[in-house]
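Participant: below is the sequence, then the predicted model.
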Amino acid sequence: MEANSNGPIDSGRVIAPPTNPMVTPLLTDLYQFTMAYAYWKAGKHKEQAVFDLYFRKNPFGGEYTIFAGLEECIRFIANFKLTEDDISFVRESLSSSCEDGFYDYLRGVDCSEVKVYAIPEGTVVFPKVPLIRVEGPIAVVQLLETPFLNLVNYASLVATNAARHRFVAGESKNLLEFGLRRAQGPDGGIGASRYCYLGGFHATSNVAAGKLFGIPLRGTHSHAFVSSFMGPDEIIDKSLHRSDGQSTCEDFVSLVQTWLSKIQDLRSVHSDLDSTYPCSLQRSKSLNGTFGETNQSELAAFTSYALAFPSNFLALVDTYDVMRSGIPNYCAVALALNDLGYKAAGIRLDSGDLAYLSCEARKIFCTIEKEFGVPWFGKTNITASNDLNEETLDALNKQGHEVDSFGIGTYVVTCYAQAALGCVFKLVEINNQPRIKLSEDVTKVSIPCKKRSYRLYGKEGYPLVDIMTGENEPPPKVGERTLCRHPFNESKRAYVVPQRVEELMKCFWPGSPGGVREDLPPLKDIRERCITQLKKMRPDHMRRLNPTPYKVSVSAELYDFIHFLWLNEAPVGELQ
Ligand SMILES: Nc1ncnc2c1ncn2[C@@H]1O[C@H](COP(=O)(O)OP(=O)(O)OP(=O)(O)O)[C@@H](O)[C@H]1O
Ligand SMILES: O=P(O)(O)OC[C@H]1O[C@H](OP(=O)(O)OP(=O)(O)O)[C@H](O)[C@@H]1O
Ligand SMILES: O=C(O)c1cccnc1
Ligand SMILES: [Mg+2]
């Protein structure tokens, strides 16, 4: 069970309210209330409706999407109730001709008669396949459309964005989400931290998200900290205990200076690197001449930071000059700390050519490891930040770099490459009658009926195709040939003999008190699900350039029915 500041999310039958208290029944479009009134006025409000929530196209030019936001939807409906205040406001907002009986009806509305089936959060999903199916009295379900879309659209978009960044960065790299200052408001910031973590980031700088969701917190320091120091005289208390507490170094500042001199005296290292250096870049300079005078105010800042956090010393090295000042200053402080039994945590680069600088820094760290016999120094952690995105990560990979962690803000949280996912909520059945929404644009035609969907896996363990069937059709069977048809293109079809069949949607809200429903898993488990699922995808669906589309299909029976209904509902044109 995951705890947060609201208590457990899903304890027994009690589900916590939405994370954001602004998520109330009024967080909807006015037309949901006007329609609810018109349904009520027509005596239609209790008719049983089925809506599908799905998207039409994968974002970011990719061929996969990560589904996120479900937990908040369930928390929303579990606590759905209009207050008297809400009802008064709706009354003021609707036409004065609306009858009082409607407001009495609204007073009693909750989601106890609503059923929600959904694909588990963190699953890799594809266009057209319902992520969520909502069943229940039409007036109530209509009120859920906007908040459900609001809760799923950005969550899934940013989780997908995070997963894509992780894919490009590579599994061995640490991804830190640094976007709060650039996010679209407080909810955008909190949501970004939560769903970037879900999508595979390792940590966030967002303290509130750490508290709310238990996401690991990470951070370095900013340029302001470095530039706030004028020189070493500012350091008053220069003493530092050894890490084992056995003794105290009374003048850590001098110890740092001693190490800086030793580094400056290193004259023996040249750019013709031996094979122990991990970096292959040939643009290196020798240390000779590189380490002249370093910036003393920067050194004071680093020393102060080390005195404050001796076990966790990290330095932003690009305030003045990375190679001539930041790196030697960092090394001096780190080596002084090493004398006292502390292992420094690394550097951050926030400007310049991150590939080149990371490689140069690595060479220096390797040199120091060798020259001074400090066994871990070559592996010093290098964090890079500064307007990173998929493209820059890809470029860094191509050039070769020595970055261990990436701090990514603006591009990941604002979903700069694509503003919205475009999830929709469409009526597919009313009173057991399938409904279809037609469009000139065939990709916008809805797939009618209350459906089931399955993921069919092939011999190699990869998912091959998702197939939607009518609710009462027999499911595809392992080892049996299943005809999978493109929903709208007659000629596109294939037989699939699945090695494994997975039903995608599960019941998350049963529509009757005490009914069986899936638990809401902790965020960590959702993240694990996402990471595991992505690893199981066939690589050609995942590549950045021209990925192969994953097939989404319907059964032969559903195909026939869609086209029967299409012909039935589309008026025949007449040419004169
Ligand atoms: N080796 C590289 N290959 C491709 N892109 C890189 C490389 N190194 C850095 N970048 C990217 O290039 C851009 C550099 O931006 P810009 O020129 O505005 O910053 P800067 O001058 O390095 O630093 P700042 O202006 O923040 O001090 C950033 O988006 C960064 O992520
Ligand atoms: O670049 P992003 O991906 O958005 O990541 C977050 C950025 O935020 C910080 O910069 P800051 O706000 O201090 O300003 P800066 O851009 O001038 O460094 C940090 O140094 C990163 O560069
Ligand atoms: O901790 C950091 O280094 C950090 C946090 C937010 C934004 N930029 C950097
Ligand atoms: Mg920046």
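Facilitator: Structure received. Ligands and ions are numbered 1, 2, ... in the order given.
Participant: confirm that residue 85 sits in a helix.
Facilitator: Yes - residue state for residue 85 (DSSP: H, G, I helix; E, B strand; the rest coil) corresponds to a helix.
Participant: ok, so what distance separates it from residue 21?
Facilitator: 14 Å (C-beta to C-beta, to the nearest Å). Just so you know, the C-beta spots here come from the backbone N, C-alpha and C atoms, and that holds for glycine as well.
Participant: swap in residue 394?
Facilitator: For residue 394 relative to residue 21 (C-beta to C-beta), the value is 40 Å.
Participant: for the nearest residue to residue 107 once chain neighbours are set aside, give me its contacts.
Facilitator: Take residue 107 and drop its neighbours on the chain: the residue closest to it by C-beta to C-beta, 6 or more residues apart in numbering is residue 87, 6.1 Å away. When contacts are counted by C-beta atoms under 8 Å, 6 or more residues apart in numbering, residue 87 touches 103, 106, 107.
Participant: from those residues, keep the buried residues only.
Facilitator: Neighbour-count burial (16 or more other C-beta atoms under 10 Å) applied to the contacts of residue 87 gives 103, 106.
Participant: dump the contacts of residue 87 to a markdown table, plus secondary structure and pLDDT.
Facilitator: Below are these laid out as a markdown table (DSSP: H, G, I helix; E, B strand; the rest coil; pLDDT from 0 to 100):
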| residue | secondary structure | pLDDT |
| --- | --- | --- |
| 103 | helix | 98 |
| 106 | helix | 98 |
| 107 | helix | 98 |
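Participant: quick one: distance of stretch 147-155 to the chain centre.
Facilitator: Offset of stretch 147-155 from its chain centre (C-alpha atoms, centre = their mean, to the nearest Å): 14 Å.
Participant: average model confidence for that stretch?
Facilitator: Taken as a whole, stretch 147-155 has a mean pLDDT of 98.
Participant: and residue 469, what element?
Facilitator: strand 463-470 (DSSP states H and E).
Participant: quick one, longest helix in this protein?
Facilitator: The longest helix of the chain (DSSP state H) is helix 138-169.
Participant: quick one: stretch 417-425 near ligand 1?
Facilitator: No - residues of stretch 417-425 contacting ligand 1 under C-beta under 6 Å from any ligand atom: none, with a closest distance of 13.6 Å.
Participant: could you measure from the closest residue to residue 30 other than its chain neighbours over to residue 146?
Facilitator: Spatially, and ignoring its direct neighbours in sequence, residue 30 is nearest to residue 93 (6.6 Å; C-beta to C-beta, 6+ apart). From residue 93 across to residue 146, the span is 15 Å (C-beta to C-beta).
Participant: between the two, point out the one with more neighbours.
Facilitator: Neighbour count, other C-beta atoms under 10 Å: between residue 93 and residue 146, residue 146 has more, with 16 against 12.
Participant: around ligand 3, pick out the residues from this structure.
Facilitator: Near ligand 3, when you scan the chain using C-beta under 6 Å from any ligand atom, you find 178, 205, 219, 220, 348, 385, 407, 409.
Participant: name the nearest of these relative to ligand 1.
Facilitator: Of all these, ligand 1 sits closest to residue 385, with 8.0 Å by C-beta to the nearest ligand atom.
Participant: ok, now which ones touch the closest one?
Facilitator: So residue 385 contacts 178, 348, 349, 350, 406, 407, 408, 409 (C-beta under 8 Å, 6+ apart).
Participant: separation between the fourth one and ligand 2?
Facilitator: Separation of residue 350 from ligand 2 (C-beta to the nearest ligand atom, to the nearest Å): 4 Å.
Participant: repeat that for residue 192.
Facilitator: In terms of C-beta to the nearest ligand atom, residue 192 sits 11 Å off from ligand 2.
Participant: please save the CA atoms from the helix or strand hosting that residue in PDB.
Facilitator: Per DSSP H and E, residue 192 falls inside helix 185-198. Only the C-alpha atoms of helix 185-198 are listed here, as PDB (Å, rounded to 0.1, in the frame of the first residue of the first chain):
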ATOM      1  CA  GLY A 185       1.800  25.800 -13.300                       C
ATOM      2  CA  PRO A 186       1.800  23.900 -10.000                       C
ATOM      3  CA  ASP A 187      -0.300  21.000 -11.200                       C
ATOM      4  CA  GLY A 188       1.800  20.700 -14.400                       C
ATOM      5  CA  GLY A 189       4.900  20.600 -12.200                       C
ATOM      6  CA  ILE A 190       3.600  18.000  -9.800                       C
ATOM      7  CA  GLY A 191       2.100  15.900 -12.600                       C
ATOM      8  CA  ALA A 192       5.400  16.100 -14.600                       C
ATOM      9  CA  SER A 193       7.400  14.800 -11.700                       C
ATOM     10  CA  ARG A 194       5.000  12.000 -11.000                       C
ATOM     11  CA  TYR A 195       4.600  10.800 -14.500                       C
ATOM     12  CA  CYS A 196       8.200  11.300 -15.600                       C
ATOM     13  CA  TYR A 197       9.100   8.900 -12.700                       C
ATOM     14  CA  LEU A 198       6.400   6.500 -14.000                       C
END
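Participant: contacts for the helix or strand just after it, please.
Facilitator: As assigned by DSSP H and E, the chain's next helix or strand after helix 185-198 is strand 203-204. Strand 203-204 has contacts (C-beta under 8 Å, 6+ apart) with 174-178, 180, 193, 196-197, 210, 215-218.
Participant: for whatever helix or strand residue 256 lives in, which positions count as buried?
Facilitator: Element membership of residue 256 [criterion: DSSP H and E] is helix 252-264. By neighbour count with 16+ other C-beta under 10 Å, helix 252-264 contains the buried residues 252, 253, 255, 256, 257, 259, 260, 263, 264.
Participant: now swap in stretch 318-338 and tell me
Facilitator: Buried-residue list, stretch 318-338, by 16+ other C-beta under 10 Å: 318-338.
Participant: what of stretch 177-186?
Facilitator: 177, 178, 179, 180, 182, 183.
Participant: quick check: the fifth one vs ligand 2, distance?
Facilitator: When distance is defined by C-beta to the nearest ligand atom, residue 182 is 5 Å away from ligand 2.
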